[in-house]
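> Here you go, sequence then predicted model.
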Amino acid sequence: MSDVDITTITDPRGGRAHLVHTDHVNWVILQDDSGVTLIDGGYPKQVDAVLASIREVGADPEQIRAALVTHAHVDHIGGLGVLAERYGFAVFMDPTEVPHGRREILQQATPLDIAKISYRPRVLRWLSGVIRLGVLDTTGIPSSEAFAASGPLDLPGRPVPVAIPGHTDGHSGYLVADGRVLVSGDALITAHGISPVAGPQCLHHAFQHDLARNRESLLALRDLEADTIFPGHGPVHHGSMADAVDTALSR
Ligand SMILES: [Zn+2]
């Protein structure tokens, strides 16, 4: 697991939230006495990496009670369908995201969208990496279901959904570790294979269903008391949410 690093935040009740950061995408493991909640599940070809990360934090895949999804893009749900079936857990997301999870609709960059930006530096290198991870896989998760109306959810880690629409219509973040950490999905990231900058930022518009709405959604995050961001792409970020949002919006 040389290209994987794990950041762990422990909450006062002894629960642990782990950011699993890999070269191309991240996922999060919530762990407490009641078991494990997985948030997102990497690319289709990262099933073994997800399992390895769960074991690395001292948990067992049999302890997974449910998975949550920030949004139903292939790099976040790719491996989840297989795991959900193998270990018999439910996959929850924002109600608006459910048809996307089931692939009744698709709000994802097409190969043509990517072709249009392929002249940019880094894009071809990024593409060759993610093709190997299964970026072209169009499989959804037919068992996708909506999480309960409001949080905290009755799942290991007591995650609290935070609606951050724009990147997809039903994109959701999650407050974890007693509100100290925002799992921000792709609404706010800290690095990406095609981005020339590091630190808080929005994804390139080619990957955004509605970039203007994404940027507007970020304003509501400024008042959160979280001091740590677990993004969908890039390393962990520490600092105030207001500063992170302002930095992202200034780019
Ligand atoms: Zn992503």
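Okay, I see it. What you see is a predicted model; the values in this text were computed from it and never measured.
> helix/strand/coil for L30?
Secondary structure, DSSP: H, G, I helix; E, B strand; the rest coil: L30 is strand.
> All the helices of the protein, in order from the start?
47-56, 74-77, 80-87, 98-101, 111-116, 123-132, 211-219, 241-249 (DSSP state H).
> Report the buried residues of the fifth one.
Spelled out, it's helix 111-116. I114 (16 or more other C-beta atoms under 10 Å). For glycine as for every other residue, the C-beta is placed from the backbone atoms N, C-alpha and C.
> Same question for stretch 222-230.
224, 226-230.
> Between the two ends of that stretch, how far is it?
Distance between the two ends of stretch 222-230: 15 Å, counting by C-alpha to C-alpha, to the nearest Å.
> Likewise for stretch 33-43?
Start and end residues of stretch 33-43 are separated by 28 Å (C-alpha to C-alpha).
> what does the stretch 1-150 of the chain have sitting close to the ion?
D75 (C-beta under 5 Å from the ion).
> In the stretch 1-150 of the chain, which residue sits closest to the ion?
D75 (4.3 Å; C-beta to the ion).
> Please report the number of neighbouring residues for that residue.
Neighbours of D75 under the rule other C-beta atoms under 10 Å: 26.
> list the contacts for it?
24-25, 42-43, 130, 133, 135, 232 (C-beta atoms under 8 Å, 6 or more residues apart in numbering).
> re earlier: among the helices of the chain, which is the most enclosed?
With neighbours taken as mean count of other C-beta atoms under 10 Å, those reach their highest mean count in helix 74-77, at a mean of 26.
> Output that one as PDB, nothing but the C-alphas.
Output of helix 74-77 as PDB, limited to C-alpha atoms (Å, rounded to 0.1, in the frame of the first residue of the first chain):
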ATOM      1  CA  VAL A  74     -17.400   6.100 -10.600                       C
ATOM      2  CA  ASP A  75     -14.300   7.100  -8.500                       C
ATOM      3  CA  HIS A  76     -16.400   7.100  -5.300                       C
ATOM      4  CA  ILE A  77     -18.900   4.100  -5.800                       C
END
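> tell me how far it is from the chain's mean position?
Distance of helix 74-77 from its chain centroid, counting by C-alpha atoms, centre = their mean, to the nearest Å, is 8 Å.
> do the same with stretch 206-216
16 Å.
> now stretch 25-34
12 Å.
> still on that earlier bit, out of the helices of the chain, which is closest to S143?
Smallest distance to S143 across those (C-beta to C-beta): 6.5 Å, for helix 80-87.
> What lies in contact with that closest one?
Contacts of helix 80-87 (C-beta under 8 Å, 6+ apart): 38, 40-41, 44, 47, 50-51, 61-62, 64, 67, 69, 89-91, 139-143.
> circling back to that earlier point, out of the helices of the chain, flag the one nearest A148.
The closest of these to A148 is helix 98-101. By C-beta to C-beta, the value is 13.2 Å.
> pLDDT below threshold where in the stretch 1-150 of the chain?
1-2 (pLDDT under 70).
> follow-up on the earlier one: kindly reformat the helices of the chain as CSV containing distance to P196.
As requested, the helices of the chain are exported to CSV (distance: least, C-beta to C-beta, whole Å):
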stretch, distance to P196
helix 47-56, 26
helix 74-77, 20
helix 80-87, 31
helix 98-101, 29
helix 111-116, 17
helix 123-132, 11
helix 211-219, 18
helix 241-249, 15
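> Of those, which is nearest D33?
Nearest to D33, of the helices of the chain and by C-beta to C-beta, is helix 47-56 at 16.3 Å.
> could you dump the closest one to CSV, C-alpha only?
Presented in CSV, the C-alpha positions along helix 47-56 are these (Å, rounded to 0.1, in the frame of the first residue of the first chain):
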residue,chain,number,x,y,z
VAL,A,47,-11.8,-3.1,-4.0
ASP,A,48,-8.7,-4.8,-2.6
ALA,A,49,-7.2,-1.4,-1.6
VAL,A,50,-10.4,-0.6,0.4
LEU,A,51,-10.3,-4.0,2.1
ALA,A,52,-6.6,-3.5,2.9
SER,A,53,-7.2,-0.1,4.4
ILE,A,54,-10.0,-1.4,6.6
ARG,A,55,-7.7,-4.1,8.0
GLU,A,56,-4.9,-1.6,8.3
